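> just coords:
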């Protein structure tokens, strides 16, 4: 009996590496880097809000680069994840559940910022952009060449000639605003990255910092929703205690 079980376990271990997977550690690790950059920028934003650092520092290259790189990582990972999750065929129920989670979280961000800061509430932030970009990019997850051409047209037109397409823009300056164009271009680049196997190129060593990034990446949505009030609350508490 034991020999039979051992033989079966041995055969299972031999076959396991060849089984399809919908998750690659490097994607979570990249997303974890995006989470760290996001936390750094939002903490700086809170410090600027309470005048601990100049407001203008948010628009200087160190913090601006931190914000932009984090957003690009998140959006590129959206494209990679769309392809990975539906590599063996379109999983509509899973896709719509994910859309509902991201869309619901985007609504909570809008509601919370409207209640707290009506003059600068978020009506189309990064979560809104991810939810809509996922719908726009979905038809191209199996057409990487088309996705590449479209993404290059969007990104080169915007960053080269400041050309864009009309999008939702209200008459106030929100905390967070990432319109569909040009940022959907990075989601399309994520589709290209998946099809050239970029998610398989790098295997980071299993050391605590890397595992920490992977943990952050796997729980990026809940971290996004909780770190905003947490950071603001900490800075507010310090401000209140010292003034």
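Good, I have the coordinates. Fair warning: this is a prediction, and the values are worked out from it, not measured in the lab.
> can you give me the helices for this protein?
In chain order, the chain shows helices spanning 2-15, 25-49, 61-85, 92-116, 126-137, 144-161, 180-195, 208-218, 220-242, with DSSP state H as the criterion.
> so which of those helices comes closest to residue 201?
The stretch from the helices of the chain with the least distance to residue 201 (Cβ to Cβ) is helix 25-49; that distance is 7.6 Å. Bear in mind the C-beta positions are built from the backbone N, C-alpha and C, glycine included.
> Okay, buried residues for that closest one please.
Of the residues in helix 25-49, those buried by neighbour count under the rule 16 or more other Cβ atoms under 10 Å are 25-39, 41-42, 44-49.
> and what of stretch 109-118?
Within stretch 109-118, the residues that qualify as buried by neighbour count (16+ other Cβ under 10 Å) are 109-110, 113.
> Might you report the residue contacts of residue 172?
If a contact means Cβ atoms under 8 Å, 6 or more residues apart in numbering, then residue 172 has 119-121 as its contacts.
> Chain neighbours aside, what residue packs nearest to residue 101?
Excluding its sequence neighbours, the residue lying closest to residue 101 (Cβ to Cβ, 6 or more residues apart in numbering) is residue 221, at 6.6 Å.
> Flag the shaky bits of this structure, pLDDT-wise.
In the predicted model, the chain carries pLDDT under 70 at residues 1-23.
> Could you find the residue nearest the spatial middle of it?
Among the residues of the chain, the smallest C-alpha distance to the mean C-alpha position (Cα atoms, centre = their mean) belongs to residue 74, namely 2.6 Å.
> what about residue 43, distance to residue 53?
With distances defined as Cβ to Cβ, to the nearest Å, the gap from residue 43 to residue 53 amounts to 10 Å.
> The nearest residue to residue 127 once chain neighbours are set aside: what's it in contact with?
Computed as Cβ to Cβ, 6+ apart, the closest residue to residue 127 that is not its neighbour in sequence is residue 106, at 3.8 Å. Remark: with contacts taken as Cβ under 8 Å, 6+ apart, residue 106 is in contact with 125, 127-128, 130-131.
> I'd like the residues you listed laid out as TSV, including distance to residue 225.
Rendered in TSV, the data for the contacts of residue 106 read as follows (distance: Cβ to Cβ, whole Å):
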residue	distance to residue 225
125	12
127	9
128	14
130	13
131	14
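> now the residues you listed in JSON lines, with distance to residue 152 and neighbour count?
Compiled in JSON lines, these are given as follows (distance: Cβ to Cβ, whole Å; neighbours: other Cβ atoms under 10 Å):
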{"residue": "125", "distance to residue 152": "25", "neighbour count": "19"}
{"residue": "127", "distance to residue 152": "26", "neighbour count": "25"}
{"residue": "128", "distance to residue 152": "24", "neighbour count": "24"}
{"residue": "130", "distance to residue 152": "21", "neighbour count": "25"}
{"residue": "131", "distance to residue 152": "24", "neighbour count": "20"}
